[in-house]
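J.: here is the input, now give the coordinates:
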Amino acid sequence: MIYVFLGNEINIIKKKIDSLIDELKIDNVIKYDYDSVHIDDILNEINYVDLFNEKKLLIVSNFTFKKMKDKEEKALSNYINHMNDNVIILKCIDEKLDNKKELIKLVNDKCKVIELKKMDYKTLHEYVTKIFSDNNKRITYNQIKNILSLCENDTDSVLNEVNKLLLYKMDSDTITDEDIENVISKNSEKEMFKLNDAVMAHNIPNMLESTKTLVSSGVDEVVIIDYLSKQFRTLYQIKVMSKDTGIQTITSRLSLNPFVTKKMLDVVGKFSEEKLLNIIYKLSDADISIKVEGLDKSKVLENFYLSI
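T.: Numbers count the residues shown, from 1 in each chain. Below is the predicted model of the structure:
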């Protein structure tokens, strides 16, 4: 089976994929970035039968149907018509499918297409309400409204802060105003920026110090990995786009603050595309090590810092 995830809600897509991985119960997880592989590489891997004939799950980030050549479309169409028991997850961020194309018609017919559009205020409020309810936490309408306001209705920020609140109140069933004030603070945001600067400068002592401060304030290591993953994905996009695109276009396409774009352009010269992809892969491996393999969170994060 092939699952196609569409939309720009990266955090929601990630949560949906994590849930799907848990549901599928496939241990052999292989990750690709479509920016650095071809469709043939993916299909060769999914069709390859190893010595143990172990079922595979391939997760392909940054996938796009738009840039596929005729030969690649035919190869993918052929596989879709003769799918084996392995599973492919295609993450298509910010892509609108052309339903007139034969390949897309086939995808819609035989694959599972999940589109996650950017949530408006009402939908986001309802989604957060459900998260707290599913975790058996009591919280008021106005408290959730306050959380959304503090996070400026940004979905990624909201979900990160909600996750921090759930971890902070693990042993209690009621969220208070004081909890929200303690957890969703500008101090954590500033410390995240300090951590980001330390990672970009490859200052390991500062990385460890910022991480210690964040964790002690209730920020989970998984949230830190999510944050760093987002930063390096954005850096990689800027690195690629800056070859033939100006700062205003980059800012517009990536929906960034102009100050952030300028700061990242200053940093991106320190990294090659290969190095950025390598870091993104390592963060993905760290995420899997914690969520799938159950390894010690702090040790996984420390090993990541030492490896970059």
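J.: going forward, measure contacts between C-alpha atoms and count neighbours the same way
T.: OK.
J.: all helices of the stretch 151-300 of the chain, in order?
T.: If DSSP state H, counting those that start in this stretch is used as the criterion, the helices of the stretch 151-300 of the chain fall at 155-168, 177-183, 186-200, 204-216, 221-241, 247-253, 258-268, 273-291, 297-307.
J.: pull out the buried residues from the first one.
T.: What that stands for is helix 155-168. 155-166, 168 (16 or more other Cα atoms under 10 Å).
J.: please apply the same query to the third one.
T.: Across helix 186-200, burial judged by 16+ other Cα under 10 Å covers Ser188, Glu191, Met192, Lys194, Leu195, Asn196, Ala198, Val199, Met200.
J.: turn those into JSON lines, columns for pLDDT and distance to Met264.
T.: Output for those, formatted as JSON lines (pLDDT from 0 to 100; distance: Cα to Cα, whole Å):
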{"residue": "Ser188", "pLDDT": "66", "distance to Met264": "21"}
{"residue": "Glu191", "pLDDT": "80", "distance to Met264": "18"}
{"residue": "Met192", "pLDDT": "82", "distance to Met264": "15"}
{"residue": "Lys194", "pLDDT": "85", "distance to Met264": "14"}
{"residue": "Leu195", "pLDDT": "90", "distance to Met264": "15"}
{"residue": "Asn196", "pLDDT": "86", "distance to Met264": "11"}
{"residue": "Ala198", "pLDDT": "90", "distance to Met264": "14"}
{"residue": "Val199", "pLDDT": "90", "distance to Met264": "13"}
{"residue": "Met200", "pLDDT": "87", "distance to Met264": "10"}
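J.: turn those into JSON lines, columns for distance to Thr261.
T.: JSON lines is the format used below for those (distance: Cα to Cα, whole Å):
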{"residue": "Ser188", "distance to Thr261": "22"}
{"residue": "Glu191", "distance to Thr261": "20"}
{"residue": "Met192", "distance to Thr261": "17"}
{"residue": "Lys194", "distance to Thr261": "17"}
{"residue": "Leu195", "distance to Thr261": "18"}
{"residue": "Asn196", "distance to Thr261": "15"}
{"residue": "Ala198", "distance to Thr261": "18"}
{"residue": "Val199", "distance to Thr261": "17"}
{"residue": "Met200", "distance to Thr261": "15"}
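J.: quick one: which of the residues you listed is nearest Ser217?
T.: Distance from Ser217 was checked for each of the buried residues of helix 186-200 by Cα to Cα. The minimum falls on Ser188, at 7.5 Å.
J.: for Val219, give me the pLDDT.
T.: Confidence at Val219, expressed as pLDDT, is 80.
J.: if I look at the residue nearest to it when sequence neighbours are not counted, how far off is Glu191?
T.: Ranked by Cα to Cα, 6 or more residues apart in numbering and with sequence neighbours excluded, the top spatial neighbour of Val219 is Lys164, at 5.5 Å. In this view, Lys164 and Glu191 are 14 Å apart by Cα to Cα, to the nearest Å.
J.: before we move on, what about Asn160?
T.: Separation of Asn160 from Glu191 (Cα to Cα): 14 Å.
J.: what's the answer for Leu76, then?
T.: Taking Cα to Cα as the criterion, Leu76 is separated from Glu191 by 45 Å.
J.: please apply the same query to Ile147.
T.: As it turns out, when the distance is counted by Cα to Cα, Ile147 lies 19 Å from Glu191.
J.: all helices for the stretch 1-150 of the chain, in order.
T.: With DSSP H, counting those that start in this stretch as the criterion, the stretch 1-150 of the chain has helices at 10-24, 39-47, 70-81, 102-110, 121-134, 141-150.
J.: which one of those helices lies nearest to Ile280?
T.: Ile280 lies closest, by Cα to Cα, to one member of those: helix 10-24, at 14.5 Å.
J.: so what touches that closest one?
T.: Taking contacts as Cα atoms under 8 Å, 6 or more residues apart in numbering, the residues outside helix 10-24 that touch it are Phe5, Gly7, Ile93, Leu116, Thr155, Asp156, Leu159.
J.: list just the nearest of those to Lys110.
T.: Checking these against Lys110 by Cα to Cα gives Phe5 as the nearest, at 14.3 Å.
J.: test my guess that that closest one contacts Asn108.
T.: No: using Cα atoms under 8 Å, Phe5 is not in contact with Asn108; the gap is 11.8 Å.
J.: neighbour count for the two, which is higher?
T.: Remark: of Phe5 and Asn108, Phe5 carries more neighbours, 24 against 14, as counted by other Cα atoms under 10 Å.
J.: ok, what's across the strand from the more buried one?
T.: Note on Phe5: beta-bridge partners by DSSP bridges are Lys91, Ile114.
J.: Ile114 versus that one, what's the distance?
T.: Relative to Ile114, Phe5 is positioned 5 Å away (criterion: Cα to Cα).
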